[in-house]
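[1] coords please:
(one chain, ligands or ions: 1)
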Amino acid sequence: MYICICNQVTEAQLRNEIERGANTVRKLRDAVGVTSQCGKCGTCVKACVKEHKQLNRSDLLINTACSV
Ligand code: FES
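    This next block holds a predicted model:
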């Protein structure tokens, strides 16, 4: 599914870039161009970044709980 129509960026591409370290809207704009034209994809991009950060926190909590 396309997240950014203006730059033909799919959700899979976006998640791949986030996994590779582009974990802010600005970094994603620099990497794949999202939010650089009409900006309508901004809400979805922010949601993906937020979701990724929450998942990482959950992983951290799980890993911490497992190591005790
Ligand atoms: S939809 Fe992403 S900049 Fe227009």
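[2] any idea what the residue nearest to residue 17 when sequence neighbours are not counted is structurally, helix, strand or coil?
    Distances taken as Cβ to Cβ, 6 or more residues apart in numbering place residue 31 nearest to residue 17, at 4.8 Å, with adjacent residues excluded. (Each C-beta comes from the backbone N, C-alpha and C, glycine too.) With DSSP: H, G, I helix; E, B strand; the rest coil as the basis, residue 31 sits in helix.
[3] Over to residue 6?
    coil.
[4] For it, give its distance to the ligand.
    3 Å (Cβ to the nearest ligand atom, to the nearest Å).
[5] Could you pull up the contacting residues of that residue?
    33, 36-38, 40-41 (Cβ atoms under 8 Å, 6 or more residues apart in numbering).
[6] Run through these and flag the ones next to the ligand.
    The overlap between the contacts of residue 6 and the neighbours of the ligand (Cβ under 6 Å from any ligand atom) comes to 36-38, 40-41.
[7] Give the ChimeraX command for selecting the buried subset of the contacts of residue 6.
    Buried members of these, defined by 16 or more other Cβ atoms under 10 Å, are picked up in ChimeraX with:
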select :41
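[8] which two of the contacts of residue 6 lie the greatest distance from each other?
    Farthest-apart pair in those is 33 and 40; separation 13.3 Å (Cβ to Cβ).
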